[in-house]
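K.L.:
got a predicted model here, sequence first, then my questions.
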Amino acid sequence: MNAMQNDQAEQSAPRHARDVMTTKVITVGPEQLARDVAAVLLENRISAVPVVNADGIPIGMVSEGDLVGRPPDDRVARIDWWLKLVTGAQPLDDDFQARLQAKDRTAGDIMSAPLVTVSEDTDLSEIARLFAIHHIKRVPVLRDERIVGIVSRSDLLHAVAAMQPHTAAQDRSQQHGGLRGLFGEYKIPAWELARAAKPAASPAKPDDSRIAAQHFRELVGDFHHGEMQHHDESRRVAAQERSRRATELIDIHIFDAGWRQVLQNARAAAEAGKTEYLLLRFPNQLCIDGGRAIVNAESHWPGTLRGEPAELFLLWERELKPQGFSVSASALEFPDGKPGDIGLFLVWGE
C-alpha cells in the first residue's frame, strides 16, 4: 500500500461517533411497565434501551441487569443466563416473573441514571475511555439534546477492524497498534486484578488499603490540632505521614489522570481543614430540569444530571461512595431569582 493509499485509508477510517453509531434507536418512556420493557428487549434482540421523557430527552437506561436486579458481582455470569432466556433455553423463574408483573414497577423506577452521553463529533478514543472508566457497554449519541444514535462496544470493535490495513503481510503488532490507537495505553490496576483473582465464593472483606473518607477526616483533624499545638513534633510527623499515605492511596487506586488530580485537590482541601470540595461548577442547563430538583433537595436529583456532572457522579458512586464519601449539589447563584450555576461537591465531613 503506497503513501497515497495510506492517506486515503486513514481519511476514510471511522474516527467519530457518527461514523460507527447505530441510527435505528428504540426508546421507552419512564411510565412504561417493566414487563413491557422486557418485551421490547426480547422482541428486538437488544440488551438495553434508553428512557426518554415527554420532550424526547434521554433521562436513563434500562438494561437486562436492571430488570433482573442481581448484584453487580453476578453480572458477568448473568450474560449467559440472559442469552439462554432470549433463546428460550432458560425458563423464567418465579421471582423474575413476579418482578416483571409488578404493576407499580416502571422504566422510571428501575432505570440507571444519570446517563453518560456523547455528541456526534465525539472521538472514538474518548468513547472507549468512557466505557473503560464507567464500566458501561453503550452510550447514546445526542444532537440538540435528542438521541440520534447509539454506540456500543461492538461498534467500537468494528471500528478497530476497519482501521486495520488490509494486507496479507500485516502482523500481530500492527493489529495491536490499531487497538492502542483507539483505546489508548489503558492498564488494569494491580489492585483490581488482585480483587478479580479472588474466589467468587470468598466472603467480602473490607479493604483498609483503599482511599477512604476517614483518611480525609483525619487530615481535617490534623489541621485543627496543628492550629493548637504547633510545638508537638510527633503530631506533626504523624500528620505528614497521614498526608503521604492519602496521596499514595490515590495514586495507586485511581488510573484516570483527571480523576486522580481531582482527588489530590480534595486531599489538599482536607489538609486545609475543609470538609468538602467543589468537584465541578456547571451551568444549570446540564440538568434536564434546569436544576429544580437540586434546588428543592429532591431525592432523584442525581438522575437529572447530564454530561460531565453525570460522569463525576458515576465515578463517585463506584469508587468513593463505598469508602465513606458522599456528594451534594446546590445552586451557586440565582440570577433573576432562577437557578444559575450548580455546584457538585465531594463531602467527607461527619
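P.N.:
Received the coordinates, thanks.
K.L.:
how near is G60 to V237?
P.N.:
To V237, G60 is 49 Å away according to CB to CB, to the nearest Å. (C-beta placed from N, C-alpha, C; glycine too.)
K.L.:
over to A268?
P.N.:
The value you get for A268 to V237, if CB to CB is used, is 19 Å.
K.L.:
before we move on, what about N265?
P.N.:
Counting by CB to CB, the gap from N265 to V237 is 24 Å.
K.L.:
neighbour-wise, which of those two wins?
P.N.:
Neighbour tally, N265 and V237, criterion other CB atoms under 10 Å: the higher count belongs to N265, 13 against 10.
K.L.:
contacting residues for the residue nearest to the more buried one when sequence neighbours are not counted?
P.N.:
Leaving aside its chain neighbours, N265 sits nearest to Y277 (6.4 Å; criterion: CB to CB, 6 or more residues apart in numbering). For Y277, the contacting residues are 265-266, 269-270, 345-346, by CB atoms under 8 Å, 6 or more residues apart in numbering.
K.L.:
run the last query once more with 7 Å
P.N.:
If you count contacts by CB atoms under 7 Å, 6 or more residues apart in numbering, Y277 has them with 265-266, 269, 345-346.
K.L.:
next SSE after the helix or strand bottoming out on mean pLDDT in the chain?
P.N.:
Of all helical and strand segments in the chain, the minimum by mean pLDDT, DSSP states H and E falls on helix 190-196, at a mean of 42. For helix 190-196, the following helix or strand on the C-terminal side (DSSP states H and E) is helix 213-228.
K.L.:
can you name every helix or strand that that next one contacts?
P.N.:
With contacts taken as 3 or more CB pairs under 7 Å, 6 or more residues apart in numbering; DSSP states H and E, helix 213-228 sits against helix 233-253, helix 257-271.
K.L.:
show me the chain divided up by domain.
P.N.:
1-21+120-186, 22-118, 187-197+208-274, 276-350 (automatic domain parsing).
K.L.:
looking at the ones you listed, which has the lowest confidence?
P.N.:
Lowest mean pLDDT within the domains of the chain: domain 187-197+208-274, at a mean of 66.
K.L.:
now the helices for the stretch 251-350 of the chain?
P.N.:
Under the criterion DSSP state H, counting those that start in this stretch, the stretch 251-350 of the chain contains helices at 257-271, 292-295, 307-315.
K.L.:
tabulate those helices (CSV), appending distance to N44.
P.N.:
CSV is the format used below for these (distance: least, CB to CB, whole Å):
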stretch, distance to N44
helix 257-271, 35
helix 292-295, 31
helix 307-315, 26
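K.L.:
out of those helices, nearest to I46?
P.N.:
Nearest to I46, of all the helices of the stretch 251-350 of the chain, is helix 307-315, at 21.8 Å by CB to CB.
K.L.:
let me see the backbone angles for R35.
P.N.:
phi -70, psi -30 (degrees, to the nearest 10).
K.L.:
then the one 5 residues further on?
P.N.:
Dihedral angles phi and psi of V40 (degrees, to the nearest 10) take the values phi -60, psi -40.
K.L.:
that one contacts T27, doesn't it?
P.N.:
No: judged on CB atoms under 7 Å, V40 makes no contact with T27 at a distance of 9.2 Å.
K.L.:
between those two, what contacts are shared?
P.N.:
V49.
K.L.:
which stretches of the stretch 51-200 of the chain form strands?
P.N.:
Under the criterion DSSP state E, counting those that start in this stretch, strands of the stretch 51-200 of the chain are mapped to 58-63, 118-119, 138-143, 146-152.
K.L.:
and the ones you listed as TSV, adding mean neighbour count and distance to A212?
P.N.:
Converted to TSV, the strands of the stretch 51-200 of the chain look like this (neighbours: other CB atoms under 10 Å; distance: least, CB to CB, whole Å):
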stretch	mean neighbour count	distance to A212
strand 58-63	23	29
strand 118-119	18	32
strand 138-143	21	30
strand 146-152	20	35
